[in-house]
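Asks: with the sequence up front, the predicted model follows.
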Amino acid sequence: MAEIDTSGGGKKKGPGVKKGKKLSTRIDLTPMVDLGFLLITFFMFTTTLAKPKTMEINMPFKDPNLKDEEKNKLKASAALTVLLSKNHRIYYYEGIGDDANHPPDLKVTGFNAKNGFRDVLIGKKKIVDGLKANGSLTDKDNLTVLIKPDTTSTYNDLVNMLDEMNINDVKVYAIIDISNQDREFISLTEKANGIQ
Amino acid sequence: MGHAKLPRKSTHIDMTAMCDVAFLLLTFFMLATKFKPEEPVVVKTPSSISSIPLPDNDVMLLTVDTKGRIFFAIDNKLKRKDLIDAINVDRNLNLTNDEKTAFALGASIGIPFNQLKSYLAANPGVRKDMDNSAPGVPVDTTVLSDKNELAAWIKAGRETNPKLRICIKADGDASYPNVSKIIKTLEGWHLFKFNLITNLKAIPPGTAAYAEANAGVGAKK
């Protein structure tokens, strides 16, 4: 197939005429096939991996005309406040930390798979389910996670935290600006634990 | 007694057919591939389990790099042309037609309005260098501030194409306040729904999302 007939029509040359050496025109196509398949592999991988994925988030609608009485009050027992701090550390406390007489008990954790924030979230979910079962919370009260990223946290922390909400099927969560009080809680805890 | 001689067969295989197939497939993949759009900066996005694909059209892309510089882009050349016309009038930039075309064909924009004219007048090679040293689109926490140029871009973008979906592509190491400023700006324009571009990662086993994903597979069977 990939060759050209070079036999010259079978015509015999005279006795004194030297025959030119016949070169085969058959080309080895193996390297070409190799190259072809290499490129195919490259294009196959690039096409499948190029499609980026997105995570959809809905921020709460802030209606300036809404009166305080009309707002849904969040029950402290169904709430978990999460403070994202530097070096990917997570500080969290139960409730919303609005009681001045009883400062919340901050605990620290991380995004590690074992004994990390995921276990905290699963534990809290169970507690809320238990409270629903014994009637202290109505069916309308869902576990609500308040995410407050500090200025020292990175975008990675935020996405990881939102991802944890998806992973653990937490329906209600909100990204809120951190308050100075919360910052104070963090610095107090850091001092107590001797972390810089 | 001599052995019966087996006829020697050549081990040479004709590669032509295989070559044909290889190049046919290669042509297919080359034509089917949609190349990634040109990006001004390298951004390493964080991973999540979310598997919603990025839409192909009507995307407004806000890129944030590690230093917190913001780059703005929308797709579709015609819409980009409309956008730059609107911005030109709004901000009195006195852009020439060539500069407008340069914007329509270009990629993300990461420079303030006062440098936009010289940026678009430069040739593409120089523009690439300018991207490296670009300060990013200036942003502020309130939309009404004149310094919040990102707000002006977003407003003009939404006016030229109301169907635009807003996608934030931020580097994982970008600090939160930089991303927060964008979210604040979007909220200022009453845009509460947007997408964050992430890489796909596997759902960790033993979690609620894992159970749900596997229940879906079981139901299909």
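Replies: Okay, I see it.

Asks: and the average pLDDT for the lengthiest strand in chain B is what?
Replies: Under DSSP state E, the strand in chain B containing the largest number of residues is strand B:193-200. The average pLDDT within strand B:193-200 is 86.

Asks: who does the longest helix along chain A touch, helix- and strand-wise?
Replies: Secondary structure of chain A per DSSP state H: the longest helix is helix A:30-49. Where contact means 3 or more C-beta pairs under 8 Å, 6 or more residues apart in numbering or on different chains; DSSP states H and E, helix A:30-49 is packed against helix B:16-32. C-beta here means a position set from N, CA and C on the backbone, and glycine is covered the same way.

Asks: let me know the angle separating the helix it packs on from helix A:30-49.
Replies: With axes from the mean of the first three to the mean of the last three C-alpha atoms, to 10 degrees defining the directions, helix B:16-32 sits at 30 degrees from helix A:30-49.

Asks: contacts for the helix or strand that helix B:16-32 is followed by next, please.
Replies: Following helix B:16-32 in sequence order, the next helix or strand is strand B:47-48 (DSSP states H and E). Strand B:47-48 is contacted from outside by A:53, A:55, A:159-160, A:162-163, A:166, B:196, B:198-201, using C-beta atoms under 8 Å, 6 or more residues apart in numbering or on different chains.

Asks: sheet partners, orientation included, of the next helix-or-strand element following strand B:47-48?
Replies: With elements assigned by DSSP H and E, the helix or strand that comes after strand B:47-48 is strand B:52-53. Taking DSSP bridges as the criterion, strand B:52-53 forms sheet pairs with strand A:53-58 (antiparallel).

Asks: in ChimeraX, select just the buried ones from the contacts of strand B:47-48.
Replies: Buried subset of the contacts of strand B:47-48, written as a ChimeraX selection, criterion 16 or more other C-beta atoms under 10 Å in any protein chain shown:
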select /A:53,55,159,160,162,163,166 /B:196,198
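
Asks: ok, the contacts of strand B:47-48 vs B:Leu186, which is closest?
Replies: B:Leu196 (11.8 Å; C-beta to C-beta).

Asks: leaving out sequence neighbours, find the closest residue to that closest one.
Replies: A:Met55 (4.6 Å; C-beta to C-beta, 6 or more residues apart in numbering or on different chains).

Asks: next one: B:Val42
Replies: B:Asp65 is the one closest to B:Val42 (C-beta to C-beta, 6+ apart), at 7.7 Å.

Asks: and which of the contacts of strand B:47-48 is nearest to B:Cys167?
Replies: B:Leu196 (7.5 Å).

Asks: can you check what pLDDT the model gives B:Ser180?
Replies: Reported pLDDT for B:Ser180: 87.

Asks: so where's the chain uncertain?
Replies: Because you didn't say which chain, this covers chain A. Residue ranges of chain A with pLDDT under 70: A:1-19, A:48-51, A:62-73, A:98-101, A:195-196.

Asks: chain B, not that one
Replies: B:1-2, B:34-38, B:216-221.

Asks: just the helices in it please.
Replies: B:16-32, B:77-91, B:97-105, B:113-121, B:124-133, B:149-160, B:176-188, B:208-220.

Asks: can you say which of these is nearest to B:Val143?
Replies: Closest of the helices of chain B to B:Val143 is helix B:176-188, at 3.2 Å (criterion: C-beta to C-beta).

Asks: spatially nearest residue to B:Ser50, not counting backbone neighbours?
Replies: In this structure, B:Ser50 finds its nearest non-sequential neighbour in A:Met55, 3.9 Å apart by C-beta to C-beta, 6+ apart.

Asks: mind listing what that neighbour touches?
Replies: Shown in contact with A:Met55 (C-beta under 8 Å, 6+ apart): A:159, A:162-163, A:166, B:48, B:50, B:52, B:195-198.

Asks: re earlier: the residue nearest to B:Val42: neighbouring residues, count only.
Replies: Residues lying near B:Asp65 (other C-beta atoms under 10 Å in any protein chain shown) number 23.

Asks: please apply the same query to the one 3 residues further on.
Replies: Taking other C-beta under 10 Å as the neighbour definition, B:Gly68 ends up with a count of 19.

Asks: list the contacts for the spatially closest residue to it that is not a sequence neighbour?
Replies: Nearest non-adjacent residue to B:Gly68, counting by C-beta to C-beta, 6+ apart: B:Asn178, 3.5 Å away. Contact partners of B:Asn178, counting by C-beta under 8 Å, 6+ apart, are A:155, B:64, B:68, B:70, B:170.
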